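1. Pasted the sequence and its predicted model underneath.
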Amino acid sequence: MATRTKRTRLLAALLCALLVALMLPALPTVGYAASDTVVYLSNSGDDANDGSTQALAVKTLDRALALADGGTIIVGSQQTINADKTLENATFRRAEGFTSTMFLVTGNAKLTLQNVTLDGANVANSSYLVQASRGTTLNIGANAVLENNQSSAVYAYGATVNMTDGTIRNNKVEGDGGGMYLFNSTAVLSGGVIEGNQAVINQQDRGGSGAGVLGYGSTKLTISGTNIRNNTGARDGGGVYMWTSDASGQDASFTMTGGAVSGNKTPDGYAGIYLSSYGSDIKASITGGTIAGNTDQDGQDAAIQLTDMNEKYIVLELGGTANITGEIRIMDNYDVGPYILVTSDLQVKAPIPVGTIYYNPDLSVIRYAEGVTPDLNDFVPAAASQGIAIDGQNLVWVKKINVTAYTMDRATGKWVSHSGLYMMPGLPLDQSLLPQAADYPGYERIGWQINENGKWVLFDMERVLTMDDDKMRLYEVWALKAPTDVEITADTTKAHPGQTITLKAGAAHELEGMVYNYAWYKDGVLLDGQNGATLAVTEPGSYTVKVSASNGKTTSAEAESAPVEVAFGHFIDDAWQSDDHNHWQACTECGEKLNLGAHISDGGKVTTEATETTEGVKTYACTVCGKVLKTEAIPVLASPNGANGVKTGDLSQPVLWTALLVLAAAGVGGTVLYRKKNHA
């Protein structure tokens, strides 16, 4: 019984473990469990061999996969894939001396790469890791790595390439397309990374473009999630290069809705993304993703270049959340060349720099689709000499006005020129672009002057510039600084008529030895002849002084003091004086009666209350000076026992007694009637 119980418990435990395992979510595949097994594969081999050496190589791919069991397969000859195939759980490495394509996909076959590594082993003069022929499909999925090849990792001719994940890295080609070469093919890059690939110039002085991805002919390339980064091309398109011609017979397309093209370099070329049209057209659209940090031959952030080599030209449609931080350069060598078409409101983090190679003024460089409002905040000229202005639904190139500014070096007395200043016509001068003023103690720059018709005049900063102002020459104008701390001190601000108030002006300056010039004003009117540091004042008013400084050669602008208010009048004693009829206050200086007026009675106030034995007093006084004008007696109050009023118990008041008797009689009569009624 005990043994049976143990078996039952063990079985139950196993069943529980199984249920838990079935309930757990499937874990993502993070790679395959590589083994140490090495198997050699060659078309000259024999599947009867164990594949342990080159001499004992197996012949077929399936036999090699079975023997490797997750290990490494050394590929010594081209492997043809003519039926749907998935390569996984293995590493394929190019054998020394083997230079042909490792995997050739033919017919209508579909090759899927996942959890697999294709290693070119940096064998010199080698061909592709994978070549997808017309009508075939190449799928690059999770944990697929294509690396270290001395040619393009992927070459597709009339094929379809889908990259959902994986990595294409560290491949180097003498020519074009280090990571991926697409010829008349369709590619959708929705995930994974293409990085560290190179495209160098070959012995025929050709190539060096599209280090990450090259699209040639009628290729249709879509980037929705792949990160194409840190690739290096010798010429153009460090990240992506697309080129189409008459020979392709069909138009190409470039679409970017997500992903990134970033950190790519073209030390002898231009742009992270380079789109070139020659005869055929490239339909280009960018509505999402990031294009940033791609450096050109000048070390500048060069995002995109649009180039037309014939009368066909590229229209780049922009909209949505496209994040472009580098320059978009347009090669507009015809009256109508490539341009940008904004198809929806852009959500830019900063204005996108736009440049041009040939620069045709008045050419529409950016156009807005119907219903989309042109916005100068979307774009900014990449070059200081170029401008952009709104013309209806378009943004057009504008030739800027060339301005040279000259500043004075006071140490040498020589003029220093500042060129390369460009201003937009139709607008006032942008003063922020002019050189900052030097620091010369005691002096300040008051403006700029210009020679017009042989006469030097101060330049009006509010003047609207026109092309007639082209090649302007501006010279800075310096002057002594105006005095500081200009103020007036007064010995007093109020005086008696006939007396004098003395005002004194004070001022300071950064430079020593200044001579000051004074101009006095009363109520805003200049006082003629009053140009000393002091002013004797005999009239009331508001006084100010304007002070300028002179060094004997030049005179500064004036600086004005705050006003000082001066008053003249009698000094009134606060105490009031009076007679029987009037009151007044006297001037302490001359004794003149001031504020003279007749007394005004207050209507009387009881100053002594009346009692039963004494009269009271009511006093009348002036409301201004307080002088007593008259008094009146208030009669004594009536006594309780006297004859001066009605008192309690007084029987001599017949009216009062009569009223009381009537009330009493009425009360008695009413009581009797009430009792009789009740008895009845």
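-> Received it, and whenever you're ready, just let me know what you need.
2. partners of V58 in the sheet?
-> Beta-bridge pairing for V58 (DSSP bridges): L41.
3. right, I mislabeled it, should have said T631
-> Here T631 sits in beta bridges with T619, going by DSSP bridges.
4. tell me the contacts of it?
-> Residues near T631 by CB atoms under 8 Å, 6 or more residues apart in numbering: T607, V617, K618, T619, Y620. Bear in mind the C-beta positions are built from the backbone N, C-alpha and C, glycine included.
5. okay if I get these as JSON lines plus distance to T290 and pLDDT?
-> Converted to JSON lines, the contacts of T631 look like this (distance: CB to CB, whole Å; pLDDT from 0 to 100):
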{"residue": "T607", "distance to T290": "98", "pLDDT": "93"}
{"residue": "V617", "distance to T290": "103", "pLDDT": "95"}
{"residue": "K618", "distance to T290": "100", "pLDDT": "94"}
{"residue": "T619", "distance to T290": "98", "pLDDT": "95"}
{"residue": "Y620", "distance to T290": "98", "pLDDT": "95"}
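6. List only buried entries from those residues.
-> Listed as buried from the contacts of T631 are K618, Y620; burial here means 16 or more other CB atoms under 10 Å.
7. Name the nearest of the contacts of T631 relative to L421.
-> For those, the closest approach to L421 (CB to CB) belongs to Y620, at 89.1 Å.
8. Could you report the distance from the closest one to G604?
-> Distance, Y620 to G604, using CB to CB, to the nearest Å: 5 Å.
9. Residues that sit against both of the two, list them.
-> Common contacts of Y620 and G604 (CB under 8 Å, 6+ apart): E632.
10. Show me the shaky parts of this structure.
-> Filtered on pLDDT under 70, the chain yields the residue ranges 1-34, 246-250, 279-280, 309-312, 332-336, 470, 640-680.
11. can you map out the helices along it?
-> Remark: helices assigned in the chain by DSSP state H are 2-23, 61-68, 654-679.
12. Might you quantify the distance of stretch 199-208 from its chain's geometric centre?
-> Stretch 199-208 sits 43 Å away from the centroid of its parent chain (CA atoms, centre = their mean, to the nearest Å).
13. Could I get the CA-only coordinates of it as PDB?
-> This file holds the C-alpha atoms of stretch 199-208, laid out as PDB (Å, rounded to 0.1, in the frame of the first residue of the first chain):
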ATOM      1  CA  ALA A 199      31.800  50.800 -49.900                       C
ATOM      2  CA  VAL A 200      35.200  51.700 -51.400                       C
ATOM      3  CA  ILE A 201      36.300  52.700 -54.900                       C
ATOM      4  CA  ASN A 202      37.500  49.900 -57.100                       C
ATOM      5  CA  GLN A 203      40.500  49.700 -59.400                       C
ATOM      6  CA  GLN A 204      38.400  51.200 -62.200                       C
ATOM      7  CA  ASP A 205      37.700  54.200 -60.100                       C
ATOM      8  CA  ARG A 206      34.100  53.300 -59.700                       C
ATOM      9  CA  GLY A 207      31.800  52.600 -56.800                       C
ATOM     10  CA  GLY A 208      32.100  53.700 -53.200                       C
END
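14. Now that stretch: buried residues?
-> For stretch 199-208, a neighbour-count test (16+ other CB under 10 Å) marks A199, V200, I201, G207, G208 as buried.
15. again with stretch 298-317
-> Neighbour count says stretch 298-317 has 300-308, 312-317 buried, by 16+ other CB under 10 Å.
16. again with stretch 273-292
-> Buried residues in stretch 273-292 (16+ other CB under 10 Å): 273-277, 280-282, 284-292.
17. ok, now stretch 388-408?
-> 388-389, 393-403, 405-408.
18. Report the distance from that stretch to the chain centre.
-> Taking the mean of its C-alpha atoms, stretch 388-408 sits 23 Å from the chain's own mean (CA atoms, centre = their mean).
19. Ok, stretch 158-178 next?
-> Offset of stretch 158-178 from its chain centre (CA atoms, centre = their mean): 38 Å.
20. And stretch 629-641, by the same measure?
-> How far stretch 629-641 lies from its chain's middle: 91 Å, per CA atoms, centre = their mean.
21. Any idea how far apart the tips of stretch 95-115 sit?
-> 21 Å (CA to CA, to the nearest Å).
22. again with stretch 610-619
-> End-to-end distance of stretch 610-619: 13 Å, with CA to CA as the criterion.
23. List the buried residues for that stretch?
-> The neighbour-count check on stretch 610-619 (16+ other CB under 10 Å) flags A610, G616, K618 as buried.
24. Among those residues, which one lies nearest to D236?
-> Closest approach between these and D236, by CB to CB: K618, at 115.4 Å.
25. Could you tell me how far the closest one is located from A132?
-> From K618 over to A132 (counting by CB to CB), the distance is 127 Å.
26. Check R410 too.
-> R410 sits 73 Å away from A132, going by CB to CB.
27. which one of the two has more residues nearby?
-> Legend: neighbour count by other CB atoms under 10 Å for R410 and A132, higher for A132 (27 against 11).
28. and the gap between that one and G225?
-> For A132, the distance to G225 - CB to CB - is 21 Å.
29. got it, and E592?
-> E592 is 101 Å from G225, where distance means CB to CB.
30. Between those two, which is the more surrounded one?
-> When E592 and G225 are compared for neighbours, G225 comes out ahead with 18 against 12, by other CB under 10 Å.
31. can you pull the contacts of the more buried one?
-> By CB under 8 Å, 6+ apart, G225 lies in contact with L189, S190, G191, G192, G258, G259.
32. Before I go, just wanted to say thanks for your time.
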